[in-house]
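> Generate coordinates for the sequence data below:
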Amino acid sequence: MSILPGSIDDAVTQKPSRFELQQYIDRIKSLRNPKKDGNESFSVRFFEQDNNKRTELSGEAFGASLNEVDTSGLKEALLEIKDDIGGKDEKEAFQDVVDQLGPEWQNMKTANDLERIIAKLDAYNAAIDEEIDKTGADLPKELLERLDSELPGLPGFGSLGSRIMIPQIPEKPWTINQRKKIARLNTALSKTSRDHRRDVKLTAKTVQGVFKAYHSARLSLAHGWSHVPLEVWNLLWKIFSADESVNIHRLSHIALLSRDMSEANVTLNPAQQLLTIEAVFVDGWESKAIENWRRCLSTLGNENAETFQEFWELGVRMYCRTGDLEEAQRAINKLIQKQSDPRILMPLIRTWSELGTEEAHGKAWAAYRQLRELLGDDMKLADYDQVISYFLTTHQTENALYAFVDMMSDGKIDLKKQKYMPSVVANKFFFGKWLKRLIGAGDLNGAHSVVDFMGQKGIEPAPIQLNGLIAAWQRAGGVEDLEKADQMAWGMIETRIRFVKSRGKDMDLQSELLQKDDTLPLPRATLETFSLLAENYRVRDLHDRLLMLWEAFREADMKADSFIINQLLESYIQAGQSKEAVNLYLTLVSEKGIEPDPYTFSALWKTLAVNRLHVTAGFVPDQAEPTRAMFAETVKFRHVFQPDGMDGQLARKILHTFRRIKDNTGFVVALSTLRDAFGFMPPETLVLELILETTKLQWDSPIYRRRLMTAKRDLDRGLLSWADGDASRLKGQHRAEALFEYLQKRYWPTEGDDALRRKMFKEAAEQMGVYDVLRKGAKE
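Here you go, the predicted model:
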């Protein structure tokens, strides 16, 4: 066995903390007093190593070497600290601290010597703190706050300069392993306490960090709850009881903390007791919480207690939750007698509504009327919305309507007292306002209930109102939501088809359409209804359903518009049926005379094989003809792109298509047409894409970077040459013209002589339907 002093040196090569020094001392002491085994029957030899030289030590010499402390590492650490200090004053202050150690530092050899020096530093530190306190007492408050913020090592000052102690748990009573967890908790508490004094808002991350540290230290603290100061408990309570917007687990954290405080025999203040009762209730111990609530009737529930209102409101909520509505009503009466906020009736209205019986619904309505009378003009729209939501959720559509009429008429119309619904209410416009409000608030189930109620009362809703509900369900996106949207939309489509089939017949359509339960059917579908379904099916890639919709569209004798066409085209393309997409376009546009829009052509250009399949390099003659024909079709409807001109993405798609099939002649013709007929000039990014023959400029590898930089450099040179070396000319429209000519030059065909090229351009222009357009532009 050998003891290597070098290993002790390694432990002090970093700047030591007081805790590390203490651990170092403890290790030395433990080595100095090893436990002896009475059955030892072996001998031990001791060695000391210095560099590469190893020397055997006697037992006494070994004991002396253990008792000594090598301070060279500590001295080096002090020198490093001194070197890190910037200013002259700071260096002198640091030297004052070192001077306090006196000659004992140089003569330190044993662990006891080291302990005495640490004690001396502690005393010096305490003297400095006392001096700061004395000085701070005479300083202005603003200066104290600035000092507190700039010196985070200081605990802080009070209004008179007296030190405010940060709540901390003493670490002395615990074992080393326990101290680590408690030290982490102390660190979290210290930071949170300083933030609180500086008016830094508590965040969810801070609360989560403190709770994690507390939860980790709980088992250790349980060995000595009495060592936890009251200030620490209060700070923990303040953190964990933060609003739920900050601490989403507020009540579960409080339930845990209150149990620990009970174990520690800490007395809770009235507000803490009240929150504890609520936390215990929410944590699942309902009977225990109610028992504790009753026990506090004479204290927390006393009329003169500060907690009076909160106490009785908690009682109302708990009794409503457990279904003891008689006790809830007594608690409400107690509050109303003291003229508390009547909105405490809300939990009672909700609970009566949820019971589902006719008697309970009557009591829910009575509670609402009591709320209405007590609030009077203070009844807000949000209050009405809340009550109406309770009624609709529990299938009390009629009560919900009465409450809505109450809201709209400011209490002047009481439908409960009228035998028939007045015409001012019984119409689709009044109900339309209600539906719009419900849909806007996100109460889609409530809106659905209102639609059913209208059918029962013989009031036909407007299609635009139901289209809004269908769209809202589609936006919600749930399985049940989408099913409801489909069911309502197809119901409207069915009504439309039946209407079309009955046209010209001598019959009362309304009576024929009455359903078995004598309710009105849904209103007839409009173009918007079909459009909503078409877009939804296309986005969800439901091609078969979209085809069914198209059949129903024709059966309903609807006049198609470009939006419906576009959804069908996109759906065909997604299904890999590009040929069918083109045929549909030709049928609807060429034969039926339906006018396309720019989005129609965005879809059509995707149908070309070159944009769907892999194409080898080189001229592709069998693709040049359909591409030129597609361009001619686009030019034929160039008026639909006015007045804003062609979208940049479509123009980009067109140019890349000609580039990919290596049809340089067609490319130049298309480029000129896009400028003259569609007002499009290629931006610099597109020019670089076309030069590099890619649809995606990449920068993520050295090869791509070099290619891009080379192309950009060549482009800049070409533009500068166009401007005769004058960079100031390359701005605005002039730069756009320079980019156009540069790109045109790069793609100018090189085959044959000028006569052949003129022939090629004429042939391409005729095939692309722009010969007259370009010739007119050339003359102008």
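> need the contact list for residue 489.
Residues in contact with residue 489 (Cβ atoms under 8 Å, 6 or more residues apart in numbering) are 470, 525, 529, 532-533. (C-beta placed from N, C-alpha, C; glycine too.)
> buried ones in the helix or strand containing it?
Taking DSSP states H and E as the criterion, residue 489 maps to helix 479-502. Buried residues in helix 479-502, counted by 16 or more other Cβ atoms under 10 Å: 481, 484-486, 488-497, 499.
> Likewise for stretch 675-682?
675-678, 680-682.
> who touches stretch 697-713?
Contacts of stretch 697-713 (Cβ under 8 Å, 6+ apart): 685, 688-689, 691-692.
> let's see 6 Å
Residues outside stretch 697-713 that contact it (Cβ atoms under 6 Å, 6 or more residues apart in numbering) are 688, 691-692.
> Same check on stretch 325-333?
Looking at what lies outside stretch 325-333 - Cβ under 6 Å, 6+ apart - the contacts are 312, 315-316, 319-320, 344, 348.
> Just give the number of residues close to the spatially closest residue to residue 492 that is not a sequence neighbour.
The shortest distance from residue 492 to any non-neighbouring residue, by Cβ to Cβ, 6 or more residues apart in numbering, is to residue 525 (3.9 Å). By the measure other Cβ atoms under 10 Å, the count of residues near residue 525 is 29.
> And residue 525, its phi and psi?
Main-chain dihedrals, residue 525, degrees, to the nearest 10: phi -70, psi 150.
> still on that earlier bit, among the buried residues of stretch 675-682, which pair sits farthest apart?
Greatest spacing in the buried residues of stretch 675-682, by Cβ to Cβ: 677 and 682 (14.8 Å).
> still on that earlier bit, quick one: which of the buried residues of stretch 675-682 sit in helices?
675-678 (DSSP state H).
> Kindly indicate which of these lies nearest residue 742.
residue 675 (13.5 Å).
> quick one, phi/psi of the nearest residue to the closest one once chain neighbours are set aside?
Once flanking residues are discounted, residue 675 sits nearest to residue 681: 6.0 Å by Cβ to Cβ, 6+ apart. Note on residue 681: backbone dihedrals following degrees, to the nearest 10 are phi -120, psi 130.
> surely residue 681 meets residue 736?
Yes: using Cβ atoms under 6 Å, residue 681 is in contact with residue 736, at 4.3 Å.
> mind giving me the domain split of the protein?
5-34+42-150, 427-540, 597-779 (automatic domain parsing).
> Please, where are all the helices along the stretch 651-780 of the chain?
For the stretch 651-780 of the chain, the helices defined by DSSP state H, counting those that start in this stretch occupy 664-678, 684-692, 702-722, 733-746, 754-767, 771-779.
> what bits of this structure have low per-residue confidence?
Applying pLDDT under 70 to the chain flags residues 1-164, 504-519, 614-621, 776-780.
> tally of neighbours for residue 293?
If we define neighbours as other Cβ under 10 Å, then residue 293 has 24 of them.
> Tell me the spacing between it and residue 733.
79 Å (Cβ to Cβ, to the nearest Å).
> coming back round to it: centre of the chain to the helix holding residue 489, how far?
Averaging C-alpha positions (Cα atoms, centre = their mean, to the nearest Å) puts helix 479-502 36 Å from its chain's average.
> now stretch 567-574
For stretch 567-574 - counting by Cα atoms, centre = their mean - the centre lies 33 Å from the chain centre.
> Now tell me what touches that stretch from outside.
Stretch 567-574 is contacted by residues 534-535, 538, 541, 543, 546, 580-581, 584, 603, 606 when judged by Cβ under 6 Å, 6+ apart.
> Turn the buried ones among these into a named ChimeraX selection, would you?
Selection of buried members from those for ChimeraX, criterion 16+ other Cβ under 10 Å:
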select :534,535,538,543,546,580,581,584,603,606
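> if we can go back for a sec, which of the contacts of residue 489 fall within helices?
Per DSSP H, those map to helices at 470, 529, 532-533.
> buried sites along stretch 364-381?
Applying 16+ other Cβ under 10 Å to stretch 364-381 flags 364-365, 367-372, 379 as buried.
> Dump the C-alpha coordinates for it into CSV.
Extracted in CSV, the C-alpha atoms of stretch 364-381 (Å, rounded to 0.1, in the frame of the first residue of the first chain):
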residue,chain,number,x,y,z
ALA,A,364,-82.0,25.5,-12.3
TRP,A,365,-84.2,28.1,-14.1
ALA,A,366,-85.4,29.4,-10.7
ALA,A,367,-81.8,29.8,-9.6
TYR,A,368,-81.0,31.7,-12.9
ARG,A,369,-83.9,34.1,-12.4
GLN,A,370,-82.7,34.7,-8.8
LEU,A,371,-79.3,35.5,-10.2
ARG,A,372,-80.9,37.8,-12.8
GLU,A,373,-82.9,39.7,-10.2
LEU,A,374,-80.0,40.1,-7.8
LEU,A,375,-77.5,41.3,-10.4
GLY,A,376,-80.0,43.6,-12.2
ASP,A,377,-78.0,45.9,-14.5
ASP,A,378,-74.8,44.3,-13.4
MET,A,379,-75.6,41.1,-15.3
LYS,A,380,-72.9,40.9,-18.0
LEU,A,381,-72.9,39.2,-21.4
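> can you give me how far that stretch is from the chain middle?
With Cα atoms, centre = their mean, you get 37 Å for stretch 364-381.
> can you list the residues that contact it?
Counting by Cβ under 6 Å, 6+ apart, 342, 345, 348-349, 352-353, 387, 399 sit against stretch 364-381.
> Give me the buried entries from these.
The neighbour-count test (16+ other Cβ under 10 Å) marks 342, 345, 348-349, 352-353, 387, 399 as buried among these.
> Which single one of those is nearest to residue 259?
residue 348 (31.2 Å).
> What helix or strand is the closest one located in?
Counting by DSSP H and E, the element that carries residue 348 is helix 346-355.
> Repeat that for residue 314.
helix 308-322.
> in the helix or strand just after that helix, what counts as buried?
The helix or strand immediately downstream of helix 308-322 is helix 325-337, counting by DSSP H and E. Buried residues in helix 325-337, counting neighbours by 16+ other Cβ under 10 Å, are found at 325, 327-329, 331-332, 334-335.
> again with stretch 233-240
Applying 16+ other Cβ under 10 Å to stretch 233-240 flags 233, 235-237, 239-240 as buried.
> Could you do stretch 710-719 as well?
711, 715, 718-719.
> how about those in CSV, adding distance to residue 557?
As requested, those are exported to CSV (distance: Cβ to Cβ, whole Å):
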residue, distance to residue 557
711, 56
715, 56
718, 59
719, 58
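> And those residues, which is closest to residue 610?
Nearest member of the buried residues of stretch 710-719 to residue 610, counting by Cβ to Cβ, is residue 711, at 23.2 Å.
> what's the distance between the closest one and residue 687?
The spacing between residue 711 and residue 687, counted by Cβ to Cβ, is 9 Å.
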